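>>> here are the coordinates; sequence isn't available:
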């Protein structure tokens, strides 16, 4: 009789663990979708307001380049020092 109850207990435990694994997977999926949605919205708003994603505000694996402004290379040229007199 003890072996039957023990096997039933193991079966019930396995079913509960499987249900818990499915539940945690679904919670993780929903959380990932919500974070991704807000990350995309943040990127769009940031690019519209500031022209580029603010550096250091978030650390995600995705970097979206919506509306990236092109920079003229002459505007970023470093000033050159005058040549030494001979």
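Looks like it arrived, so ask away. Computed from a prediction, not measured in an experiment: that's the story for all the values here.
>>> for this protein, which spans come out with low pLDDT?
48-86 (pLDDT under 70).
>>> Show me the helices in it, by range?
Here the chain has its helices, by DSSP state H, at 2-50.
>>> distance of residue 21 from residue 9?
The gap separating residue 21 from residue 9 is 19 Å, by C-beta to C-beta, to the nearest Å. All C-beta spots, glycine's among them, are computed from the backbone N, C-alpha and C.
>>> Could you report the neighbour count for residue 40?
When neighbours are defined as other C-beta atoms under 10 Å, residue 40 has 13 of them.
>>> cool, and residue 45?
As a measure of burial, residue 45 has 11 neighbours, counting by other C-beta under 10 Å.
>>> check contacts around it.
With contacts taken as C-beta atoms under 8 Å, 6 or more residues apart in numbering, residue 45 has no neighbouring residues.
>>> now it: how far from residue 38?
Here the distance between residue 45 and residue 38 works out to 10 Å (C-beta to C-beta).
>>> Over to residue 10?
43 Å.
>>> now swap in residue 7 and tell me
Looking at residue 7 against residue 38, where the rule is C-beta to C-beta, the gap reads 47 Å.
>>> Likewise for residue 27?
Residue 27 sits at a distance of 17 Å from residue 38 (criterion: C-beta to C-beta).
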